[in-house]
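Enquirer: Structure of the sequence below:
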Amino acid sequence: MALFFTQNEIAKKIPTVKVGLEKDIQKIFEKNLDEILNITFLATEYSTSFGGRMDTVGIDNNGSPVIIEYKLSQNENVINQGLSYLRWLLDHKDAFETLVRKTNVDTEIDWASPRVICVAESYNKFDLDTADLLPMNIELLRYRLYENNILLVESETQRKVKISTSEIFGKGEKQKSEFREKIQHTTDDHLKSANNNIKELFATLKESISTLDELIIEEPKSKYIAYKLTTNFCDVVVLKDALKIFLNIPSGNLNDPSGMARDLTKPKPIGHWGNGDYEVKLEKKEDIPDVMELIKQSYTYNK
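Expert: The predicted model follows:
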């Protein structure tokens, strides 16, 4: 994506800067992981028992373990590599739990929603179309460095990625099924307990959110349904008779003239599943326009 500096109605293109080493972009991400991706940094070059090293290990605001892999060259098989590390992590939960305790992160680990994020300047057809064994959502992020110390991070269209290396997950349908159950969630799973009115309400809200940007990704997690570009801007928890919407905006930054949002940091922080400091409860279709005005603010803040 081309970026331009504008002054006095004159636009000048900002040149890109070539990244010298994979480690250079890794350092930028690791030092600013919370700012860029809302993820708490835990470790760099984390060793596994089979000799590999995970580039970056973190945990997100909902307790999901996160593995981040970076690549510079087109021939690096970063997707299979990330999934291999994920398989190892799910078999060595105690090691990750020890790492979390050592870094004094006070959160419950959500093993039902682990994440694999790949960071690259570009992706080839093999990256995007790899398919054979296990469908899973992989987060593919593109980055660009520009002059004047500008970093652009944007999401590649999220795809269901499959891997063809049977050794990674072991042989046998039982093992494949067990792994799939650990990592895969659907929107229908969340709607099972909702009444028909809430199902219709959710469908209308989902359609309204999708019109904000064609690049918005819907990502069902174990506790909520996330809507995101690079990071979540809106998380929806489906209840039997209502929707709870969490907005990823820091306290004090939301313009809420109707007083619909609840600040979860006041008078003292309240634990919750979604990202951000604000919660909105939606029960009626006629309130969707006002709720969307709040969601748009979170979308703009996080895009």
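Enquirer: Okay, domains of the protein per the record?
Expert: The chain breaks down into these domains under automatic domain parsing: 11-183, 187-302.
Enquirer: and the shortest one, average pLDDT?
Expert: Which is domain 187-302. The pLDDT scores in domain 187-302 average 90.
Enquirer: Same question for the longest one.
Expert: Over the span of domain 11-183, the pLDDT mean works out to 78.
Enquirer: residues making contact with stretch 210-224?
Expert: Contact partners of stretch 210-224, identified using C-beta atoms under 8 Å, 6 or more residues apart in numbering, comprise 62, 64, 110, 112-113, 137, 154-155, 157-158, 185-187, 189-190, 206, 209, 225-229, 235-238, 246, 273-274, 295-296, 299, 303. C-beta: built from backbone N, CA, C; applies to glycine.
Enquirer: Give me the buried entries from those.
Expert: By the neighbour-count criterion of 16 or more other C-beta atoms under 10 Å, the contacts of stretch 210-224 include these buried positions: 62, 64, 110, 113, 137, 155, 185, 190, 209, 225-229, 235-238, 246, 273-274, 295, 299.
Enquirer: Filter those residues down to the ones in helices?
Expert: The helices in this structure, assigned by DSSP state H, contain 190, 209, 295, 299 from these.
Enquirer: right, and out of those residues, which lies closest to residue 95?
Expert: For residue 95, the closest of those turns out to be residue 190, at 30.5 Å, with distances computed as C-beta to C-beta.
Enquirer: Would you mind measuring from the residue nearest to the closest one when sequence neighbours are not counted to residue 185?
Expert: Nearest non-adjacent residue to residue 190, counting by C-beta to C-beta, 6 or more residues apart in numbering: residue 238, 4.4 Å away. Residue 238 sits at a distance of 12 Å from residue 185 (criterion: C-beta to C-beta, to the nearest Å).
Enquirer: How about residue 32?
Expert: Looking at residue 32 against residue 185, where the rule is C-beta to C-beta, the gap reads 29 Å.
Enquirer: CA atoms only for stretch 70-88, dumped as PDB, please.
Expert: What follows is stretch 70-88, C-alpha atoms only, in PDB (Å, rounded to 0.1, in the frame of the first residue of the first chain):
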ATOM      1  CA  TYR A  70       8.200 -13.900  11.000                       C
ATOM      2  CA  LYS A  71       9.500 -14.400   7.400                       C
ATOM      3  CA  LEU A  72      11.400 -12.400   4.900                       C
ATOM      4  CA  SER A  73      11.900 -14.800   1.900                       C
ATOM      5  CA  GLN A  74       9.200 -16.300  -0.200                       C
ATOM      6  CA  ASN A  75      10.400 -19.900   0.300                       C
ATOM      7  CA  GLU A  76      10.000 -20.000   4.000                       C
ATOM      8  CA  ASN A  77       7.200 -22.400   5.100                       C
ATOM      9  CA  VAL A  78       6.200 -20.200   8.000                       C
ATOM     10  CA  ILE A  79       2.600 -21.500   8.200                       C
ATOM     11  CA  ASN A  80       3.600 -25.200   8.700                       C
ATOM     12  CA  GLN A  81       6.300 -24.100  11.100                       C
ATOM     13  CA  GLY A  82       3.800 -22.100  13.200                       C
ATOM     14  CA  LEU A  83       1.400 -25.000  13.300                       C
ATOM     15  CA  SER A  84       4.100 -27.400  14.300                       C
ATOM     16  CA  TYR A  85       4.900 -25.200  17.200                       C
ATOM     17  CA  LEU A  86       1.300 -25.000  18.100                       C
ATOM     18  CA  ARG A  87       1.100 -28.800  18.200                       C
ATOM     19  CA  TRP A  88       4.100 -28.900  20.500                       C
END
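Enquirer: Done for today, thanks.
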